[in-house]
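# Let's see this in three dimensions:
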Amino acid sequence: VEAALGKQVAEAFDEIGEAVAAASIAQVHKARAGDKWLAVKVLRPGVAETFARDLAAFADAAKWAVWLDPQLERLKPGAVVETLARSVAMELDLRMEAAAGDEMAESFRGAVDFRVPAIDWDRTAQSVMTAEWIDGISLKDRTGLAAAGFDFKAIATLVIQTFLRQALNRGFFHADMHQGNLF
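All right, here's what the predicted structure looks like:
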């Protein structure tokens, strides 16, 4: 966080907690700055180097495959690896995710049934993305949802309708639709 933001953690946040969620390339911490609660997504240390090493191995494997069987060239394994490398580069730059979040939030401004957390651009960099913290109930917490009075069929309908509005009406959508992203 300090390397990415160019300041001490204590300068950027009044408090920051242990990871509350983790995935393969990043983890999320709950933090506070003034009276705002924030979600701070941080790339795992060394993840870029691991991807670079893996992509180099894939590139070598693609070359070897074509050398061993020249007919495989028609499948363009080198181009596949290049596509993977471009995709990984975008995935490892959290500013891209932040920009997509901003674009989606703008697209859904005024919607009463869908909300995208606001990005905190002052605390966002290539390997750190900061957004407003949103409290919610995980979709896997059926007991909590029922206790809060939610209708499961209505939730299912809303998820499908929102996805279709994103994909069909606006031309883009959040592809990572797991419970953590669906409060």
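# mind showing which ranges of this protein have poor pLDDT?
Low-confidence segments of the chain, defined by pLDDT under 70, are located at 173-183.
# quick one, longest helix in it?
The helix that spans the most residues within the chain, counting by DSSP state H, is helix 47-68.
# can you pull the buried residues of that one?
By neighbour count on 16 or more other Cβ atoms under 10 Å, the buried set for helix 47-68 is 47-48, 51, 55, 58-59, 62, 66. Backbone N, C-alpha and C define where each C-beta goes, glycine included.
# Strands of the chain, start to end?
Secondary structure of the chain (DSSP state E): strands located at 15-22, 26-33, 36-43, 128-132.
# can you list the buried residues of helix 47-68 in TSV and add distance to Val112?
Listed next are the buried residues of helix 47-68 as TSV, based on distance: Cβ to Cβ, whole Å:
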residue	distance to Val112
Val47	37
Ala48	39
Phe51	40
Leu55	43
Phe58	45
Ala59	48
Ala62	49
Val66	54
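# From the residues you listed, pick the one nearest Leu158.
Of all the buried residues of helix 47-68, Leu158 sits closest to Val47, with 33.6 Å by Cβ to Cβ.
# middle-most residue in the chain, spatially?
Glu97 (6.0 Å; Cα atoms, centre = their mean).
# what's the closest non-adjacent residue to that residue?
With Cβ to Cβ, 6 or more residues apart in numbering as the criterion, Glu97 has its nearest non-adjacent residue at 5.8 Å, and that residue is Met129.
# The residue nearest to the centre of the chain and Arg86: what is the separation?
Going from Glu97 to Arg86 by Cβ to Cβ, to the nearest Å gives 15 Å.
# Would you agree Trp37 is in contact with Trp133?
Yes. Trp37 lies in contact with Trp133 (Cβ atoms under 8 Å); the separation is 3.8 Å.
# what do these two both touch?
Common neighbours of Trp37 and Trp133, using Cβ atoms under 8 Å, 6 or more residues apart in numbering, are 30-31.
# Let me see the contact set for Glu2.
Residues near Glu2 by Cβ under 8 Å, 6+ apart: 8-9.
# Numbering from 4 from now on, please.
Taking 4 as the first residue, the last one we looked at is Glu5.
# With distance to Phe155 and mean neighbour count added, can I get the strands of the chain in CSV?
CSV is the format used below for these (distance: least, Cβ to Cβ, whole Å; neighbours: other Cβ atoms under 10 Å):
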stretch, distance to Phe155, mean neighbour count
strand 18-25, 23, 12
strand 29-36, 26, 18
strand 39-46, 26, 19
strand 131-135, 27, 23
